[in-house]
Structures are given as C-alpha cells and as structure tokens.
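J.: Attaching a predicted model along with its sequence, questions to come.
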Amino acid sequence: MTTAVSIYWFRQDLRLTDNPALTAAANRGDVLPIYILDDKNAAPSSLGGASSWWLHQSLTALNNSLDGKLACYKGDPLEILSELCKQYNIDQVFWNRCYEPWCVSRDTTIKKELLDADINVVSHNGSLLNEPWAIYKKDGTPYKIFTPYYRQTLIREQQSQALPKPRLSFINLKKTAETKTEELGLLPHIQWYKTIAENWQPGEDGASQLLQKFLDNNIDQYKKGRDFPAINSVSKLSPHLHFGEISPRQIIQQLTAMAVDDNSEHFKRQLVWREFSAYLLFHFPELPNKNLKPAFDHFPWQNNPQWLQKWQQGQTGYPIIDAGMRELWQTGTMHNRVRMIAASFLIKNLLVDWRLGAEWFWDCLLDADLANNSASWQWVAGCGT
C-alpha cells in the first residue's frame with residue numbers, strides 16, 4: 001500500500017506545537033516540510049533588516065527541531081510548489097493562512113492553479129483566535145472601534161486545547177534545488193545585529209521559555225507595570241507571535257490555567273489588540289499606506305528630512321525619545337509606551353507623515369508586523385481607528 005505524501009509549507013507558523021495544518025498533513029502520511037523565501041510577490045512588504053535576522057535564526061531552530069529535514073527555497077512559490085508536486089507525485093499541499101493583502105492575493109492564485117492541476121490545497125487558521133471574517137457589526141460591516149470588537153471576542157471565546165507536536169514521518173529528498181538556511185541571504189554582511197543577538201532567542205523553544213518566565217515573574221504587575229518603561233513587566237513575546245513560534249491559543253491556554261485577575265485580563269486584551277490589527281488590515285487592505293479617515297489626506301505634513309534623521313538616530317534632545325530610538329536600534333525592540341511617545345513626537349510635534357515613521361519601525365523592529373505596525377501608527381496619528 002502506497003503511503004500518502006503531502007507538502008507542508010511553513011510560513012508565519014515556525015513551530016511544531018499547536019500547528020493545525022502541520023498536524024493535518026502528518027495525520028495523512030509522509031510530509032515534505034518546506035519554507036519558501038518569496039522574492040517575487042513580497043516586494044511591498046519585504047522583510048526589514050531586523051526581521052531578516054530573526055527569520056534566519058528561527059528557520060535554523062525549526063530545522064533543528066525537524067532533524068534537519070526542512071527544505072528551503074527562494075523564488076516564486078507557485079513555480080516551486082508545482083515543480084515539487086511533479087517531482088514527488090504529491091497530490092495535497094497544506095498551509096496555515098496568512099492575512100496580509102499581498103499574501104491573500106498570492107495564495108488565492110496558487111490555490112486555483114494547484115486545484116486546476118488536480119492538487120488539493122488544505123488551509124487552516126494557525127495564527128489567530130478568530131478569523132477576520134468571523135466578526136461583524138449587526139449591520140454587516142466590520143468594526144472600527146476596539147472595545148466592541150473585544151467584547152465580541154469574549155462572547156465567542158473558545159476553550160479549545162492547543163494541539164501537541166505531531167508525530168512526523170518525512171519523505172526522502174531527491175537531488176533538488178533546495179538551499180540551506182544560511183544560503184537564503186537573510187543575514188546582512190555587516191554584523192550590526194550582535195547586540196540584538198545577545199538579547200533574544202528566536203525559535204519555538206525561546207518563545208516557550210519567555211512565556212513561562214513572564215508568567216512566573218512579571219505578569220503579577222503587568223496592568224500597572226506596563227505603563228513604566230523602566231520596569232520589566234511586559235512579555236516581549238511579539239516577535240515570537242509574529243513569526244508563529246508560539247500561537248495565541250497556547251498563551252490563552254496558559255492564562256486560563258492561572259487565577260484570573262486584572263493583570264491577566266489586561267494581557268489578554270493586548271493579545272486581542274493584535275487580532276484587531278489583523279482584522280483591520282484584512283478588511284481595509286490599504287491600511288499601510290492610506291488614512292482610514294479621508295480628512296487626513298489633506299493634512300499639511302512638513303516632512304523635514306533633517307528632523308526625521310535626528311529622530312531615527314535618537315538625537316532629538318528629548319531624553320525619553322532618544323532613549324527609545326537608541327533602544328530600538330540596539331535591541332530591535334522598544335517598550336510599547338515609548339513607541340507611543342516616540343511616534344506621537346514625530347507626528348504631532350515634528351509634523352512628519354506617519355508613513356515615514358512606520359517605514360523606519362518596519363526596518364528596525366524584530367516584531368515588524370504589517371497589521372500591528374500600520375494600525376498602531378494610524379492610531380497614534382489620529383487618522384485610524
């Protein structure tokens with residue numbers, strides 16, 4: 001009897017635990033696990049420098065957890081998937097859904113082309129608590145205000161258990177065009193990332209350890225402590241969440257096992273804010289570039305290049321702004337409250353277009369997420385939700 005063989009395409013879900021599409025592929029039979037660095041479709045949302053470093057480390061960790069079986073490719077996913085399906089006689093491809101506009105467009109095209117070639121495509125939700133199309137107002141339109149959206153998520157809250165790591169059996173690779181992680185060209189030639197590397201452990205194990213450390217030591221002061229940048233009371237899980245090294249369901253499950261108080265509820269609220277950003281981007285795909293409130297299209301931005309550069313380099317002369325911007329450059333992150341202050345200063349004091357600030361954050365942040373970055377900058381600017 002011939003064993004079924006499937007491709008599993010890793011994307012923003014670089015983990016084995018609570019990975020619904022990977023589990024489905026494993027339950028069907030042998031798996032060819034792949035990662036594709038899409039250098040054709042991702043131009044509008046190409047990785048920033050800090051994110052590229054993180055992705056390299058995360059893929060290395062993932063490959064280790066797969067016993068070196070991860071096949072990496074660089075190019076057009078449709079061409080690569082089609083060729084692999086022919087080469088290995090594969091009739092089913094699995095992936096977890098992505099929600100950025102360019103990903104939705106790309107995946108729709110790929111799915112149609114594969115189905116036309118008699119190759120089935122199975123997709124799952126591996127990164128959100130609720131699909132963006134699952135929650136609407138009574139009039140059938142999407143929410144633009146967070147609090148009523150949050151209430152709806154509480155009404156819909158499901159207590160489904162996170163999936164365990166699946167038992168995987170792999171196919172034997174023939175001589176193909178896959179590359180090693182280091183050959184994807186994600187690491188910059190100049191090693192500016194050394195200070196960043198000292199502060200982070202990308203990968204599924206790093207995410208799990210960081211969550212446990214936060215729950216053991218810091219969550220009991222989260223509600224008040226998160227307002228004070230000098231206090232270490234935030235989770236720092238956002239880059240792990242962005243790359244899918246941990247799922248929100250895993251986090252919620254851990255929170256549910258604890259005594260419910262204001263600290264855990266406020267942390268849950270921040271998880272849902274992440275969901276709300278993805279929801280907004282899905283329903284308003286021009287969010288990264290276009291004001292949600294059209295009145296701001298006529299705002300008289302000054303866009304002084306010298307001031308923008310001073311802000312980027314942490315040379316404004318305002319200590320908390322400069323501290324945050326230097327922290328961003330040296331560690332790849334910035335405390336959320338300082339992000340708000342630094343963004344507000346650029347927009348409302350220097351009158352620099354929010355899109356220029358979002359572009360700088362995109363390049364410097366380890367947790368650069370198109371939905372979060374765009375929605376948060378528009379929120380600070382007053383032109384968004």
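T.: Nice, thanks for sending it over.

J.: CA only for contacts and neighbour counts going forward, please
T.: Noted.

J.: Report the contact partners of the nearest residue to Trp307 once chain neighbours are set aside.
T.: In this structure, Trp307 finds its nearest non-sequential neighbour in Leu350, 7.2 Å apart by C-alpha to C-alpha, 6 or more residues apart in numbering. By C-alpha atoms under 8 Å, 6 or more residues apart in numbering, the contact list for Leu350 reads 302-304, 307.

J.: would TSV of the residues you listed with pLDDT, secondary structure and neighbour count be doable?
T.: Below are those laid out as TSV (pLDDT from 0 to 100; DSSP: H, G, I helix; E, B strand; the rest coil; neighbours: other C-alpha atoms under 10 Å):
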residue	pLDDT	secondary structure	neighbour count
Gln302	95	coil	12
Asn303	93	coil	16
Asn304	96	coil	12
Trp307	97	helix	17
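
J.: any idea which residue sits dead centre in the chain?
T.: With distances taken as C-alpha atoms, centre = their mean, His242 lies nearest the centre of the chain, 2.2 Å away.

J.: Out of the contacts of Leu350, which two are the most distant from each other?
T.: Greatest spatial distance in these: Gln302 and Trp307, 10.0 Å, computed using C-alpha to C-alpha.

J.: which ones are touching the nearest residue to Ser238 once chain neighbours are set aside?
T.: Take Ser238 and drop its neighbours on the chain: the residue closest to it by C-alpha to C-alpha, 6+ apart is Asp367, 5.7 Å away. For Asp367, the contact set (C-alpha under 8 Å, 6+ apart) comprises 51, 238-240, 242, 333.

J.: Among those residues, which ones are in helices?
T.: Judged by DSSP state H, helices contain the following of these: 51, 238-240, 242.

J.: who wins for neighbours among those?
T.: Counting neighbours by other C-alpha atoms under 10 Å, His240 leads the ones in helices among the contacts of Asp367 with 28 neighbours.

J.: picking that back up, quick one: pLDDT of the residue nearest to Trp307?
T.: Here the pLDDT value assigned to Leu350 is 97.

J.: so where's the longest helix in this protein?
T.: The chain, longest helix under DSSP H: helix 262-283.

J.: Pull out the buried positions in that helix.
T.: 263-264, 266-269, 271-283 (16 or more other C-alpha atoms under 10 Å).

J.: Gln161 - how many residues pack around it?
T.: So Gln161, with other C-alpha under 10 Å, has 11 neighbours.

J.: Which helix or which strand is home to the nearest residue to Gln312 once chain neighbours are set aside?
T.: Using C-alpha to C-alpha, 6+ apart and skipping the chain neighbours, the partner closest in space to Gln312 is Met325 (6.4 Å). Using DSSP states H and E, the element containing Met325 is helix 319-331.

J.: got the CA positions of the helix or strand just after that helix in PDB?
T.: Heading C-terminal from helix 319-331, the first helix or strand you meet, by DSSP H and E, is helix 336-344. Extracted in PDB, the C-alpha atoms of helix 336-344 (Å, rounded to 0.1, in the frame of the first residue of the first chain):
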ATOM      1  CA  ASN A 336       5.200  49.900  23.900                       C
ATOM      2  CA  ARG A 337       4.700  53.100  25.900                       C
ATOM      3  CA  VAL A 338       7.900  54.600  24.500                       C
ATOM      4  CA  ARG A 339       6.800  53.500  21.000                       C
ATOM      5  CA  MET A 340       3.700  55.600  21.500                       C
ATOM      6  CA  ILE A 341       5.600  58.600  22.800                       C
ATOM      7  CA  ALA A 342       8.200  58.500  20.000                       C
ATOM      8  CA  ALA A 343       5.600  58.100  17.300                       C
ATOM      9  CA  SER A 344       3.500  60.900  18.700                       C
END
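
J.: who does the helix or strand bottoming out on mean pLDDT in the chain touch, helix- and strand-wise?
T.: Lowest by mean pLDDT, DSSP states H and E among the helices and strands of the chain is helix 194-197, with a mean of 86. Under the contact definition 3 or more C-alpha pairs under 8 Å, 6 or more residues apart in numbering; DSSP states H and E, helix 194-197 sits against helix 319-331.

J.: Quick one: distance of the helix it packs on to the chain centre.
T.: Relative to the mean C-alpha coordinate of its chain, helix 319-331 is positioned 22 Å out (C-alpha atoms, centre = their mean, to the nearest Å).

J.: Report the contact partners of the residue lying closest to Tyr279 once chain neighbours are set aside.
T.: Spatial nearest neighbour of Tyr279, excluding adjacent residues (C-alpha to C-alpha, 6+ apart): Pro132 at 4.8 Å. By C-alpha under 8 Å, 6+ apart, the contact list for Pro132 reads 278-279, 282-283.

J.: Name the nearest of the residues you listed relative to Trp377.
T.: Ala278 (13.9 Å).

J.: Low-confidence stretches in this structure?
T.: The chain contains residues with pLDDT under 70 at 1-2, 43-45, 159, 175-178.

J.: again, 50 this time
T.: Across the chain, the ranges flagged by pLDDT under 50 are 1.

J.: all strands for it, in order.
T.: 5-10, 30-38, 71-75, 92-96, 120-124 (DSSP state E).

J.: deepest of those strands, which one?
T.: Most buried of the strands of the chain, by mean neighbour count (mean count of other C-alpha atoms under 10 Å): strand 5-10, with a mean of 25.

J.: returning to what we had before: for the longest helix of the chain, which outside residues touch it?
T.: Residues from elsewhere that reach helix 262-283 (C-alpha under 8 Å, 6+ apart): 99-101, 128-133, 142, 144, 146, 149-150, 153, 219-223, 248, 252, 255, 287, 371-372, 375-376.

J.: for stretch 199-209, same thing?
T.: 14-16, 54, 57-59, 61-62, 237, 240, 245-246, 331.

J.: hang on, the earlier thing: hmm, Arg11 and the residue nearest to the centre of the chain touching each other?
T.: No: with contact defined as C-alpha atoms under 8 Å, His242 does not reach Arg11; the gap is 10.6 Å.

J.: shared neighbours of those two, anything?
T.: With C-alpha under 8 Å, 6+ apart, His242 and Arg11 have no common neighbours.

J.: In the least confident helix or strand of the chain, which of the residues would be classed as buried?
T.: Quick answer for helix 194-197 (16+ other C-alpha under 10 Å): 196-197.
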